[in-house]
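> Dropping a prediction and its sequence here:
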Amino acid sequence: MSASVRCVEYTVRQVAWLLGVPRSEVSSGAIRRGRLRVVWRRGRLAVPASVVTRLLGGGR
């Protein structure tokens, strides 16, 4: 039996890689300007998967 692991949130570094932009552009640009919704998880910023899906054109 194979288990599928689904990511519910991404790190800032992962989001930058997925979008093909520098990490600083995500953290300094989008997050600090309030254009990217983030949550705190274990003392770190995390971007919900639903937000990433929308950014990649997979959501409404």
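Happy to help now that I have it.

> Below-threshold pLDDT in this structure: ranges please.
1-5, 59-60 (pLDDT under 70).

> hey, where'd the strands end up in it?
Using DSSP state E, the strands found in the chain span residues 9-11, 39-41, 44-48.

> Columns mean neighbour count on top of these, output as TSV?
For glycine as for every other residue, the C-beta is placed from the backbone atoms N, C-alpha and C. Shown next, in TSV, are those (neighbours: other CB atoms under 10 Å):
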stretch	mean neighbour count
strand 9-11	17
strand 39-41	10
strand 44-48	17
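
> Could you dump those strands into TSV and include distance to residue 22?
TSV is the format used below for these (distance: least, CB to CB, whole Å):
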stretch	distance to residue 22
strand 9-11	14
strand 39-41	22
strand 44-48	15
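
> Any idea which of these gets closest to residue 27?
strand 44-48 (7.6 Å; CB to CB).

> what residues does the closest one touch?
Taking contacts as CB atoms under 8 Å, 6 or more residues apart in numbering, the residues outside strand 44-48 that touch it are 8-12, 14-15, 27, 31, 36-40.

> Now compare these and name the two farthest from each other.
8 and 27 (20.1 Å).

> Between those two, which has more neighbouring residues?
residue 27 (17 against 10; other CB atoms under 10 Å).

> Chain neighbours aside, what residue packs nearest to that one?
residue 12 (5.2 Å; CB to CB, 6 or more residues apart in numbering).

> distance of that neighbour from residue 58?
The spacing between residue 12 and residue 58, counted by CB to CB, to the nearest Å, is 20 Å.

> Compare neighbour counts for the two and give me the winner.
When residue 12 and residue 58 are compared for neighbours, residue 12 comes out ahead with 19 against 9, by other CB under 10 Å.

> OK, contacts around that one?
Residues near residue 12 by CB under 8 Å, 6+ apart: 23, 26-27, 31, 38, 45, 47.
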